[in-house]
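Novice: Quick check, what structure comes out for this input:
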Amino acid sequence: EGDPFSRCTRITTTSFRPEIIDPCNPTPCGTNAVCNERNKAASCTCLPGLQGNPYIECKPECTINQECPVNLACIANKCKDPCPGVCGTHATCSVNNHYPNCQCDPGYEGDPFSRCYLKTTLPPRVEI
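Specialist: This is a model prediction of the structure:
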């Protein structure tokens, strides 16, 4: 570069450095979601145990019973059957408005939440 009859100067070249683009910065994800790069694109997923649209908001399945169908209860942020392990032996569980209800099986009596016993009938008394 310059005037070849008086003085030439060396051309300095600067190497082009491509800009590194992080598709997760800033995150396109919603609340309680994590961003992962996949093929140079952002991919959002809900945190474990949460559900929803990861680009908007991830939240538990439920926080109160009323967020579940009436035959289920909100247990550890999931809508589940509240019956397992609640009733005693020889008792049957049904769900009434999110709550377990135990009843002794036909022919049995007792505390349905602990144990039901076979009904016993005393033999008729015979008078002499």
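
Novice: Give me the pLDDT for the closest residue to T45 other than its chain neighbours.
Specialist: Of all residues not flanking T45 in the chain, P54 sits nearest, at 5.4 Å (Cβ to Cβ, 6 or more residues apart in numbering). Heads up, the C-betas are built off the backbone N, CA and C, glycines and all. In the predicted model, P54 carries a pLDDT score of 97.

Novice: how much space between P54 and C62?
Specialist: Distance check for P54 against C62: by Cβ to Cβ, to the nearest Å, it reads 19 Å.

Novice: which of those two has more neighbours?
Specialist: The residue with the greater number of neighbours, taking P54 and C62 and applying other Cβ atoms under 10 Å, is P54; the counts read 21 against 18.

Novice: quick one: the more buried one and C29 touch, right?
Specialist: Yes. Counting by Cβ atoms under 8 Å, P54 does reach C29; the two are 5.8 Å apart.

Novice: Strands of this structure, residue ranges please.
Specialist: Using DSSP state E, the strands of the chain run over 2-3, 7-8, 33-38, 41-46, 51-53, 57-59, 73-75, 78-80, 91-96, 99-104, 108-111, 115-118.

Novice: Identify the contacts common to P54 and C29.
Specialist: Common neighbours of P54 and C29 (criterion: Cβ atoms under 8 Å, 6 or more residues apart in numbering): C44.

Novice: related to what we said a few turns ago, I'd like the strands of the chain written out as a markdown table, with mean neighbour count and distance to I20 added.
Specialist: Compiled in a markdown table, the strands of the chain are given as follows (neighbours: other Cβ atoms under 10 Å; distance: least, Cβ to Cβ, whole Å):
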| stretch | mean neighbour count | distance to I20 |
| --- | --- | --- |
| strand 2-3 | 9 | 36 |
| strand 7-8 | 9 | 37 |
| strand 33-38 | 15 | 11 |
| strand 41-46 | 16 | 15 |
| strand 51-53 | 14 | 29 |
| strand 57-59 | 17 | 28 |
| strand 73-75 | 18 | 45 |
| strand 78-80 | 15 | 41 |
| strand 91-96 | 15 | 55 |
| strand 99-104 | 16 | 56 |
| strand 108-111 | 15 | 69 |
| strand 115-118 | 15 | 68 |
